[in-house]
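1. Fold the following.
(chains A, B, C and D)
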Protein chains: 2
Amino acid sequence: MRSYEQHCGLAKALNVIGDRWTLLIARELLVWKRARFSDLRNGLPGIASNLLAQRLRDMEETGIISRRSAAPPVATATYELTARGEALRPILREIGLWGAPLLARTGDDASAQLHWLALPIEFTLCDATPDAPSMTLEVSSDGEQLSIEMDNGFVRCVVGAAEHPDAVLSGPTRKVMQTLLHGESLTLARKHGVRYRGNPNVLARLRPRAKSILEKEKA
Amino acid sequence: MRSYEQHCGLAKALNVIGDRWTLLIARELLVWKRARFSDLRNGLPGIASNLLAQRLRDMEETGIISRRSAAPPVATATYELTARGEALRPILREIGLWGAPLLARTGDDASAQLHWLALPIEFTLCDATPDAPSMTLEVSSDGEQLSIEMDNGFVRCVVGAAEHPDAVLSGPTRKVMQTLLHGESLTLARKHGVRYRGNPNVLARLRPRAKSILEKEKA
DNA sequence: CCGGATCCCCAGGGATACTG
DNA sequence: CAGTATCCCTGGGGATCCGG
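-> Next comes the predicted model:
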């Protein structure tokens, strides 16, 4: 991106992260921790391969990601965030929260991947019963799995199947998203192909997080 | 900006605010509250007038700003943020904080305007002596003034001269920025043309804010 | 098959001139 | 002052191709 030439923190930051696709690449790496070129490409439908290569070069140069050439036999490079790149998390958080209302409109043909849920889940949900023993909910849709752990008041979400889930939620990606993020009732969701099995208390333990941190600051 | 076509809050938000210049326009309106076309143009050196016009149309359409046609005789339109636009503040905050280290390098020729300090001051500084009576520091540089009020632990910063400042800081914009944001000593700053007069305790009352809110959340 | 590089085309951005 | 109109150019989208 062409530089803004303004001595302002916002402008300087946008010189680095304001390019198209850059923050979405950061999203992928925040979720996957480490990814190959093709993994990134799969998680970023619509990106041209030359652009992805270009961005990866730029982001390495600006210190956001690091490239690792894996063991010689496979010759497969992987990418991961540096500490500076991890520090983008609050930015993605605020932008994602701001964009959440835009997800409401249902009738669009945008693609959906389950792992895009991982960050929003951690950002917007909390553990409703902190004193209960820790539980794990597995979410499964379209060949992707998410493992959501509720423990001691916190919610952590990582990609991949859970080892011993206390419950499993599965169904069409869009519907699963609505159920988890927008609190659509399970009863309603079932009518659209969502399945739930296991301990019924697990899903109920996920609650919208009070926006305490932000609200407190503004007050 | 071309749509990302991804059912993800981050992507949907970037469809709306990811265009070049959009967040910088929001910065101007957060600082000025209300501005005319030319005011925005002055605060955004480098923007082409057709692009500014285009962005203002886009942002009005997406509900971020509203346009007001002022009293008929003058026929001058003004722009201001809607509630939805004001909600961008945390985004600018996080991006600005992330970009702060990029401001350190001094030898660049980027332009600088005093009012770009207003948001960073509120985001990064606090009132070191909350119990003291409220005080006002006026900052002046290159024809612009900023009024910084310290009261009850909080710091507020608005554009324009203060009515009865307890102290006045003035000098080259870059140097004034360094003094306020990076805590450069006044002694050093004086050697580069910075002037300070009035109650010496006023400036000392401004202190870097503990990053409590963010740190607490991550912990 | 993975990890790109190359090529072509078009839309969006930049600079400037001009108008109500 | 508040934009439009115009022209040019770069950066992004899409497809294909290539070395390991």
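2. only C-alpha atoms for contact and neighbour calcs from this point on.
-> Will do.
3. What is the neighbour count of residue A:164?
-> 12 (other C-alpha atoms under 10 Å in any protein chain shown).
4. Is any residue of stretch A:179-189 near chain B?
-> No: for a cut-off given as C-alpha under 8 Å from any C-alpha of the partner chain, stretch A:179-189 has no contacts with chain B; the smallest distance is 10.8 Å.
5. repeat for stretch A:93-105
-> Yes: counting by C-alpha under 8 Å from any C-alpha, chain B is contacted by stretch A:93-105 at A:94, A:95, A:96, A:97, A:98, A:99, A:100, A:101, A:102, A:103.
6. What is the distance between that stretch and the centre of its chain?
-> From the chain centre to the centre of stretch A:93-105 is a distance of 13 Å (C-alpha atoms, centre = their mean, to the nearest Å).
7. rewinding a little: ok, of the residues of stretch A:93-105 next to chain B, which come out buried?
-> For the residues of stretch A:93-105 next to chain B, a burial check counting by 16 or more other C-alpha atoms under 10 Å in any protein chain shown picks out A:94, A:95, A:96, A:97, A:98, A:99, A:100, A:102, A:103.
8. Identify, from those, the entry nearest to residue A:126.
-> Within those, distances to residue A:126 taken as C-alpha to C-alpha reach their minimum at residue A:97, with 15.0 Å.
9. Excluding sequence neighbours, find me the nearest residue to that closest one.
-> residue B:9 (7.1 Å; C-alpha to C-alpha, 6 or more residues apart in numbering or on different chains).
10. Am I right that that neighbour is in contact with residue A:102?
-> Yes: counting by C-alpha atoms under 8 Å, residue B:9 touches residue A:102, with 6.9 Å between them.
11. between these two, what contacts are shared?
-> Counting by C-alpha atoms under 8 Å, 6 or more residues apart in numbering or on different chains, residue B:9 and residue A:102 have no common neighbour.
12. Which stretches in chain A count as strands?
-> Using DSSP state E, the strands of chain A run over A:34-36, A:65-69, A:77-81, A:125-127, A:135-141, A:144-151, A:154-159, A:167-170, A:195-198, A:206-208.
13. Tell me which of these sits nearest to chain B.
-> Taking C-alpha to the nearest C-alpha, strand A:154-159 is the member of the strands of chain A nearest to chain B, at 10.8 Å.
14. I'd like the residues of stretch A:93-105 next to chain B written out as a markdown table, with pLDDT added.
-> Converted to a markdown table, the residues of stretch A:93-105 next to chain B look like this (pLDDT from 0 to 100):
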| residue | pLDDT |
| --- | --- |
| A:94 | 98 |
| A:95 | 98 |
| A:96 | 98 |
| A:97 | 97 |
| A:98 | 97 |
| A:99 | 97 |
| A:100 | 95 |
| A:101 | 94 |
| A:102 | 94 |
| A:103 | 91 |
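15. burial of residue A:163, as a residue count?
-> For residue A:163, using other C-alpha under 10 Å, the count is 9.
16. contacting residues for it?
-> Per C-alpha under 8 Å, 6+ apart, neighbours of residue A:163: none.
17. Poorly predicted segments of chain A, please.
-> A:70-75, A:106-107, A:211-219 (pLDDT under 70).
18. Can you tell me which residues in chain A are near DNA strand C?
-> Residues of chain A lying near DNA strand C by C-alpha under 7 Å from any atom of the strand: A:2, A:36-39, A:49-50, A:53-54, A:75-78.
19. Next, give me the two most distant ones among those residues.
-> A:2 and A:75 (33.5 Å).
20. Compute the number of surrounding residues for residue A:160.
-> 16.
21. how close does it sit to residue A:144?
-> 7 Å (C-alpha to C-alpha, to the nearest Å).
22. The longest helix seen in chain A close to DNA strand D?
-> For chain A, the helix that runs over the most residues, judged by DSSP state H, is helix A:49-61. Yes: residues of helix A:49-61 contacting DNA strand D under C-alpha under 7 Å from any atom of the strand: A:49, A:50, A:51.
23. Show me which of these are buried.
-> Buried among the residues of helix A:49-61 next to DNA strand D (16+ other C-alpha under 10 Å): none of them.
24. so which of these would you say is closest to residue A:109?
-> For the residues of helix A:49-61 next to DNA strand D, the nearest to residue A:109 is residue A:49 (22.3 Å; C-alpha to C-alpha).
25. The residues of stretch A:93-105 next to chain B: which two are farthest apart?
-> A:94 and A:103 (14.8 Å).
26. next one: stretch A:97-117 to chain centre, how far?
-> 12 Å.
27. Whether that stretch contacts DNA strand D - can you check?
-> No: residues of stretch A:97-117 are not located near DNA strand D by C-alpha under 7 Å from any atom of the strand, the shortest gap being 13.0 Å.
28. Span of that stretch from start to end?
-> Stretch A:97-117 has its terminal residues 12 Å apart, counting by C-alpha to C-alpha.
29. hmm, who's touching that stretch?
-> Applying C-alpha under 8 Å, 6+ apart, the contact partners of stretch A:97-117 are A:31, A:43, A:45, A:120, A:140-142, A:144-146, A:159, A:173-174, A:177, B:5-14, B:87-88.
30. Include distance to residue B:167 when you put the residues of helix A:49-61 next to DNA strand D into JSON lines, please.
-> JSON lines is the format used below for the residues of helix A:49-61 next to DNA strand D (distance: C-alpha to C-alpha, whole Å):
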{"residue": "A:49", "distance to residue B:167": "57"}
{"residue": "A:50", "distance to residue B:167": "55"}
{"residue": "A:51", "distance to residue B:167": "52"}
